[in-house]
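> Quick one, what's the 3D model for this:
(one chain, ligands or ions: 1)
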Amino acid sequence: MKRLMTAILFGAAMLPTATLTGTDFRVDLIVDKNICGMEFKGGSEGLQGKKAKWLKENADSRLLVTGKAGETWEEKSFQFSAKENCEVAIHLLAERAPDKSRPWVAYDNVRVEGATVKNGSFENVDKKGLAKNWGIDGKKNFYVVKKGDDAADGKRYIEVSHDYRAVQKFKCKKGQIVTVTFIVRDLKRTEKK
Ligand SMILES: [Ca+2]
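Numbers count the residues shown, from 1 in each chain. All right, here's what the predicted structure looks like:
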């Protein structure tokens, strides 16, 4: 029995973390804490929306929406509302794995009802090869625009990770329910911690 248990434990230890837990995509919504807060209003099965607890009394100025990214493209959606008229920054990224490694996920066809997001299918690119209307988080970590027949919509999509995010700002009206819909998949590629 002891030998059997050892074999089982050893086998489990050999599996990559991603196989055990899957990869979580993550969408952050960020507003100016001095102006606004937000409320998560629910989403697709398995999605979770949380406030940024570490911001304490300003926890509702940042929503973190997470869910599992599958091996093939899957559509997900969620709703939120802003408590005041304000500008929201949407960040497309992937959650860090429990072992702190950073997996990559792909997004395509981001649509927003109740507000306006531009170039959500990432088809329009600038001279640098980045998607028009989508900025980066910080100064040097560029997400990747991929071109190919494996896009979920059109010919292009983006690849992002925890530290390589795509960011766009849009305006929200007080109390308006905003629905964010997108297509996402796990890239089965991870940076070490
Ligand atoms: Ca596309």
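
> Give me the helices and strands touching the host helix or strand of residue 171, please.
Under the criterion of DSSP states H and E, residue 171 resides in strand 166-172. Contacts defined by 3 or more C-beta pairs under 8 Å, 6 or more residues apart in numbering; DSSP states H and E place strand 166-172 against strand 86-94, strand 135-136. Yep, even glycine has a C-beta here, placed from its N, CA and C like the rest.

> 10 Å - rerun?
Packing partners of strand 166-172 (3 or more C-beta pairs under 10 Å, 6 or more residues apart in numbering; DSSP states H and E): strand 23-30, strand 74-82, strand 86-94, strand 102-113, strand 135-136, strand 156-160.

> Dump those strands to TSV, plus mean pLDDT, distance to the ion and mean neighbour count.
As requested, these are exported to TSV (pLDDT from 0 to 100; distance: least, C-beta to the ion, whole Å; neighbours: other C-beta atoms under 10 Å):
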stretch	mean pLDDT	distance to the ion	mean neighbour count
strand 23-30	97	16	22
strand 74-82	98	13	19
strand 86-94	97	13	21
strand 102-113	97	4	21
strand 135-136	96	18	15
strand 156-160	98	5	22
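
> if we can go back for a sec, quick one: the strand holding residue 171 to strand 74-82, angle?
40 degrees (axes from the mean of the first three to the mean of the last three C-alpha atoms, to 10 degrees).

> What strands line up against strand 166-172, and which way round?
With DSSP bridges as the test, strand 166-172 is paired with strand 86-94 (antiparallel), strand 135-136 (antiparallel).

> pull the CA atoms of that strand into CSV?
Provided in CSV are the C-alpha atoms of strand 166-172 (Å, rounded to 0.1, in the frame of the first residue of the first chain):
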residue,chain,number,x,y,z
ALA,A,166,-3.8,44.8,-23.3
VAL,A,167,-5.6,47.9,-22.0
GLN,A,168,-8.3,50.2,-23.2
LYS,A,169,-10.3,53.0,-21.5
PHE,A,170,-14.0,53.6,-22.1
LYS,A,171,-16.7,55.8,-20.6
CYS,A,172,-19.4,54.4,-18.3
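
> Sweet, I'm off.
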